[in-house]
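Engineer: Sequence unavailable; structure follows:
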């Protein structure tokens, strides 16, 4: 029995060995694994958790990312990896998700140069973002993109306090989360050819807050690191950008940590910092439609070799020739309005306080008691709510919040078009199906029906979402399934944009 078990174990090892592959990069040899796509069973290679920078821990915590060091023995990237950078748990608010040692990427390629296929393929680099506080790039797989002969790279980067704490006014170590993305793109440009990718055909793709981060790069010298851009439900003119006082945030963080000083932050417990950073603003400060506040956002920084934001991007001219595919979904507000969806009675409280819900951007000065302010407030209230807000106003409330979220995207589009840019493509996504993950999760156990697609609902039709693996497997036998047809169509459109810079079916 022992010998039989041993033989089976050895056969399994041999089978894995037959399906592994090695690629030589700057830092050394990296070991990947051969897999197949979920629907068409197309073979491809995956390399998981490949470091693009040194671990930002110890003395490198809150510092700009350093290039990855060489490794002496082959780096095993054959084990499936869906990790993330440290962040508060999205469900269990007192819990921690992810790791500080997180600056890595998953690389998926349909061909390797050693296969005899020397035609370099375009590359899509994916950055996931949710509300500037969460990022789960690695839970999205390449299966649908790979079917179109495009490489796919998912990148993790620091977010929240570890990505955007600025210790003092003269500190050149700021916006570390943005610089992580730059460091990753630099690594990709230097090494992607070894995986069969074309370093001159790199498309950066993000959703939500990651789209905002990527659009900032258009204002910097680092825009040369990519050739095209895809932005889902986000853009440069988010009202949350550059609205916070980083010194105030630093001081409140230290106060929340109690006995920890500024010098002690480099050695403080990860969980303590994460939980303290999530509670530096009061609920009244956070729930602010006029000037939304999100802790630890990009900030102005001193000039340095890696500096990204030395001037306010919102005041800069948008100078670029980058082809852009940008879009939004028909009901962007769903995930932002979960409490009201599950308990519409909360809406009644807005009737008395609507005057405090009128949105403003930039450094607009306003006076709640002025005649002009009252006129604006009444016009908005009449337009969206016919003059009064009740517990039956959910649809109108969702439309109002959706417009608030879509406006910065339209502003970005209009600004680009005013610069006579003819290489911008805009989409609106309205489909609701079995892979509309955000809407499905947001409406779970709710007693209301909501029309439209939530922000992020298109993602699982372009990328394979690992949490929905069983749902994908379930439709393998049905090639005519409408979800599966949409997956094929959208993956083709997105891949075609990465190939040619236009938005037409190949």
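Structural biologist: Cool, got the structure. Remember, predicted model here, so these are calculated numbers, not experimental data.
Engineer: can you tell me how far residue 395 sits from residue 333?
Structural biologist: 11 Å (C-beta to C-beta, to the nearest Å). Backbone N, C-alpha and C define where each C-beta goes, glycine included.
Engineer: The two: who's more crowded?
Structural biologist: residue 333 (25 against 16; other C-beta atoms under 10 Å).
Engineer: what's near enough to touch that one?
Structural biologist: Residue 333 makes contact with 397-402, 404-405, 455 under the criterion C-beta atoms under 8 Å, 6 or more residues apart in numbering.
Engineer: Sketch out the low-pLDDT regions of the chain for me.
Structural biologist: Applying pLDDT under 70 to the chain picks out residues 1-18, 89-94, 115-117, 239-240, 242-244, 284, 286-292, 360-367, 419-421, 505-506.
Engineer: So residue 35 belongs to a strand, correct?
Structural biologist: Yes: Residue 35 forms part of a strand when assessed by DSSP: H, G, I helix; E, B strand; the rest coil.
Engineer: Quick one: residues contacting it.
Structural biologist: Shown in contact with residue 35 (C-beta under 8 Å, 6+ apart): 19, 43-46.
Engineer: Now, of the residues you listed, which are buried?
Structural biologist: 44-46 (16 or more other C-beta atoms under 10 Å).
Engineer: any idea how this structure splits into domains?
Structural biologist: According to automatic domain parsing, the chain comprises the domains 2-338+405-500, 343-402.
Engineer: show me the biggest strand of this protein in terms of residues.
Structural biologist: strand 197-207 (DSSP state E).
Engineer: That strand pairs with which strands?
Structural biologist: If you go by DSSP bridges, strand 197-207 pairs up with strand 121-127 (parallel), strand 228-232 (parallel).
Engineer: now what about it, what contacts it?
Structural biologist: With C-beta under 8 Å, 6+ apart as the contact definition, strand 197-207 has outside contacts at 109, 120-129, 151, 185, 188-190, 192-193, 212-214, 217, 225-234, 455-456, 459, 494, 497-499.
Engineer: Counting neighbours, which bits of it end up buried?
Structural biologist: Buried residues in strand 197-207, counted by 16+ other C-beta under 10 Å: 197-199, 201-207.
Engineer: closest to residue 388 among these?
Structural biologist: Distance to residue 388, by C-beta to C-beta, is smallest for residue 207 among the buried residues of strand 197-207, at 35.2 Å.
Engineer: which strand residues sit across from the closest one in the sheet?
Structural biologist: residue 232.
Engineer: Go through the protein and flag its longest helix.
Structural biologist: Among the segments of the chain that qualify as a helix by DSSP state H, the longest is helix 394-418.
Engineer: Contacts made by the helix or strand following it with the rest, please.
Structural biologist: For helix 394-418, the following helix or strand on the C-terminal side (DSSP states H and E) is strand 424-429. By C-beta under 8 Å, 6+ apart, the list of residues contacting strand 424-429 from outside reads 323-330, 413, 416-417, 453, 457-458, 497, 502-503.
Engineer: Quick one: buried ones out of those residues?
Structural biologist: Taking 16+ other C-beta under 10 Å as the criterion, what is buried in the contacts of strand 424-429 is 323-330, 413, 416, 453, 457-458, 497, 503.
Engineer: So which of these sit within strands?
Structural biologist: Per DSSP E, the subset of the buried ones among the contacts of strand 424-429 in strands is 324-329.
Engineer: sorry, back to before: can you tell which of the strands paired with strand 197-207 is closest to residue 304?
Structural biologist: Between residue 304 and the strands paired with strand 197-207, the shortest gap by C-beta to C-beta is with strand 121-127, which sits at 22.6 Å.
Engineer: among the strands paired with strand 197-207, which is nearest residue 282?
Structural biologist: Each of the strands paired with strand 197-207 was scored for nearness to residue 282 using C-beta to C-beta, and the closest is strand 121-127 (30.4 Å).
Engineer: next helix or strand past that closest one?
Structural biologist: Using DSSP H and E, the helix or strand that follows strand 121-127 in sequence is strand 140-141.
Engineer: other SSEs contacting that following strand?
Structural biologist: strand 464-465 (3 or more C-beta pairs under 8 Å, 6 or more residues apart in numbering; DSSP states H and E).
Engineer: in its sheet, what does the strand it packs on sit against?
Structural biologist: Partners of strand 464-465, by DSSP bridges, with direction: strand 140-141 (antiparallel).
Engineer: quick one: contacts for residue 39?
Structural biologist: Residue 39 makes contacts with 143, 147, 472, 476, 484, 487, as judged by C-beta under 8 Å, 6+ apart.
Engineer: which pair in the residues you listed spans the largest distance?
Structural biologist: Spatial extent of the contacts of residue 39 (C-beta to C-beta) is set by the pair 147 and 476 at 13.8 Å.
Engineer: which one of these two has more residues nearby?
Structural biologist: Remark: of residue 147 and residue 476, residue 147 carries more neighbours, 20 against 13, as counted by other C-beta under 10 Å.
Engineer: Show the contacting residues for the spatially closest residue to residue 457 that is not a sequence neighbour.
Structural biologist: Spatially, and ignoring its direct neighbours in sequence, residue 457 is nearest to residue 436 (4.2 Å; C-beta to C-beta, 6 or more residues apart in numbering). Residues near residue 436 by C-beta under 8 Å, 6+ apart: 453-454, 457, 460.
Engineer: Helices - which of the buried ones among the contacts of residue 35 land there?
Structural biologist: Reading helices off the buried ones among the contacts of residue 35, I find no matches (DSSP H).
Engineer: Out of the contacts of residue 333, which comes closest to residue 133?
Structural biologist: Of the contacts of residue 333, the one sitting nearest to residue 133 (C-beta to C-beta) turns out to be residue 455, at 14.5 Å.
Engineer: and that closest one, how far is that from residue 264?
Structural biologist: Between residue 455 and residue 264 the computed distance is 38 Å (C-beta to C-beta).
Engineer: who has more neighbours, these two?
Structural biologist: Neighbour totals were compared for residue 455 and residue 264, and residue 455 leads with 29 against 11 (other C-beta under 10 Å).
Engineer: I figured the more buried one hits residue 327, correct?
Structural biologist: No: if you go by C-beta atoms under 8 Å, residue 455 and residue 327 don't touch, sitting 10.5 Å apart.
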